[in-house]
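J.: model the following, please.
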Amino acid sequence: MIIAAAIRLSNGSVFVGKRHSDCFRNAVSVLNVASPDFFPGNGGEQGFITDRLVFLDREEAYYEAHHNNQCKEQKEITPNPTRSDFKWKPCLFSEDLW
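T.: Modelled structure (predicted):
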């Protein structure tokens, strides 16, 4: 079960919050830096924490949340067959949960 949004930095540190922006604010505050170079895009990644304290990336968390019926809307998004240029990938957002 998903319990919080999280970011994992390139150094392995994990910060949690209700939303990913909270995680970034927490990291900046704790690390006392203005713009860490280890945020997503620079070796870090966004995801979620489970009740077992396991970090899941956004795709893994999508399946975990659906498996546990945690999403506000239980509809699965699928690729649009009329758009060949659209590459759909499962991705969970905190707004899907709370």
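J.: now the helices for this structure?
T.: With DSSP state H, the ranges of helices along the chain come out as 20-31, 58-67.
J.: now distance to residue 90 too, for the ones you listed, in JSON lines please.
T.: Heads up, the C-betas are built off the backbone N, CA and C, glycines and all. Output for those, formatted as JSON lines (distance: least, CB to CB, whole Å):
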{"stretch": "helix 20-31", "distance to residue 90": "17"}
{"stretch": "helix 58-67", "distance to residue 90": "4"}
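J.: least confident of the ones you listed, on average?
T.: Across the helices of the chain, helix 20-31 has the smallest mean pLDDT, namely a mean of 89.
J.: list the helices and strands that one packs on?
T.: Packing partners of helix 20-31 (3 or more CB pairs under 8 Å, 6 or more residues apart in numbering; DSSP states H and E): strand 2-8, strand 14-17.
J.: now do the shortest one: everything it contacts.
T.: Read that as strand 14-17. 4-9, 23-27, 30, 49, 55 (CB atoms under 8 Å, 6 or more residues apart in numbering).
J.: and of these, the nearest to residue 93?
T.: Comparing those against residue 93 with CB to CB places residue 5 closest, at 8.8 Å.
J.: and the closest residue to the closest one other than its chain neighbours, what does it touch?
T.: In space, and not counting its chain neighbours, residue 5 is closest to residue 94: 4.5 Å by CB to CB, 6 or more residues apart in numbering. Neighbour list for residue 94: 5, 18-20, 48 [criterion: CB under 8 Å, 6+ apart].
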